[in-house]
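K.L.:
The following comprises the amino acid sequence and a computationally predicted model.
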Amino acid sequence: MVEIAPSILSADFTRLGEEIAAVERGGAGVIHVDVMDGHFVPNITVGLPVVKAVKRATQLPIDTHLMITQPGIYAEQFVDAGARMVSVHVEIDPHLNRTLTAIKKKGAMAGVAINPATPLVALEEALAFADYILLMSVNPGFGGQQFIPTSLDKVRRLRRLIDDRGLKTRIEIDGGIDRHNIAQIVAAGAEIIVAGSAVFNESDPAQAVRELREATLQWA
């Protein structure tokens, strides 16, 4: 099943509860939270208090993407704060197996995020331990970027890799996705679609989510 995961990075934080309620009405399946520390990526966003606030505002699963230099220290804390999905970057965590295992022991889904220029071979050993792979289709750090076209082939290759190994690992994708390219992305094999600007930059976020969901049906 394809799920739309609106990213609150693009939401109006003065009306965050209302913004989340709107995307729920539109049929969002997940709320995506981007955590950036200004070291791993050139931006600083939100942390544990915001995840706790989002938890109070929604019953939807909270998907926390950790773009930080020491994910192994903080991953479990984000689960305690209310995240049901936590992803960490393969590029930054030298103890990825340990971090993923710790997330799962806390009762959350553990994900591995991978940057656009990082080859899929970097996932070889971690793939079996991950509940999902978050494939970045822009360089992480800022919202509103354009989708990197070569990401489509990367999704296809990742889909084959997962299927060839007989795994149930899901594919999430984040960056530059809108109603014009989402059908291609889903057809390539992505199942969880993160969208920020395409949802919260619209006058009606609920309708924007509905349009994204409807657009995914075009690939069938």
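P.N.:
All right, it came through fine.
K.L.:
low-confidence ranges in the protein?
P.N.:
Applying pLDDT under 70 to the chain picks out residues 219-220.
K.L.:
how about the helices in this protein?
P.N.:
16-26, 48-57, 71-81, 96-105, 151-164, 182-188, 197-200, 205-216 (DSSP state H).
K.L.:
okay, those, which one's buried deepest?
P.N.:
By mean neighbour count, with neighbours taken as mean count of other C-beta atoms under 10 Å, helix 197-200 ranks first of those at a mean of 24. Placement of C-beta: from N, CA and C, glycine included.
K.L.:
I'd like to know how many residues surround T118.
P.N.:
By other C-beta atoms under 10 Å, the residues close to T118 number 16.
K.L.:
Let me see the contact set for it.
P.N.:
Neighbouring residues of T118 by C-beta atoms under 8 Å, 6 or more residues apart in numbering: V90, E91.
K.L.:
thinking again about what came up before, nearest to L127, out of the helices of the chain?
P.N.:
helix 151-164 (7.1 Å; C-beta to C-beta).
K.L.:
what bridges to V33?
P.N.:
T64 (DSSP bridges).
K.L.:
Same check on the one 4 residues further on?
P.N.:
In this structure, D37 has beta-bridge partners I44, where bridges are defined by DSSP bridges.
K.L.:
how near is it to L127?
P.N.:
From D37 across to L127, the span is 26 Å (C-beta to C-beta, to the nearest Å).
K.L.:
just G47 next, same as before
P.N.:
When G47 is compared with L127 (using C-beta to C-beta), they lie 28 Å apart.
K.L.:
try D178
P.N.:
29 Å.
K.L.:
Correct me if wrong: L66 contacts V88.
P.N.:
Yes - counting by C-beta atoms under 8 Å, L66 touches V88, with 5.1 Å between them.
K.L.:
what is in contact with the two at once?
P.N.:
Common neighbours of L66 and V88 (C-beta under 8 Å, 6+ apart) are A75, A113.
K.L.:
of the two, who's got more company?
P.N.:
Under the criterion of other C-beta under 10 Å, the comparison of L66 against V88 puts V88 first, with 30 against 27.
K.L.:
OK, contacts around the closest residue to the more buried one other than its chain neighbours?
P.N.:
Spatial nearest neighbour of V88, chain neighbours left out: P71 (3.8 Å); criterion: C-beta to C-beta, 6 or more residues apart in numbering. Counting by C-beta under 8 Å, 6+ apart, P71 touches V88, H89, I92, D93, T99.
K.L.:
In strands, which of those residues fall?
P.N.:
If you go by DSSP state E, the contacts of P71 have V88, H89 in strands.
K.L.:
Going by distance to G17, which of the contacts of P71 wins?
P.N.:
Among the contacts of P71, and counting by C-beta to C-beta, the member closest to G17 is V88, at 27.6 Å.
K.L.:
for that closest one, which residues make a bridge with it?
P.N.:
L66, V112.
K.L.:
May I ask you to confirm that it is in contact with A75?
P.N.:
Yes - applying C-beta under 8 Å, one finds V88 in contact with A75, separated by 6.1 Å.
K.L.:
shared neighbours, these two?
P.N.:
With C-beta under 8 Å, 6+ apart as the test, V88 and A75 both reach L66, T99.
K.L.:
and the nearest residue to H89 once chain neighbours are set aside, how many neighbours?
P.N.:
Once flanking residues are discounted, H89 sits nearest to A113: 4.7 Å by C-beta to C-beta, 6+ apart. When neighbours are counted by other C-beta under 10 Å, A113 registers 25.
K.L.:
Many thanks, we can stop here.
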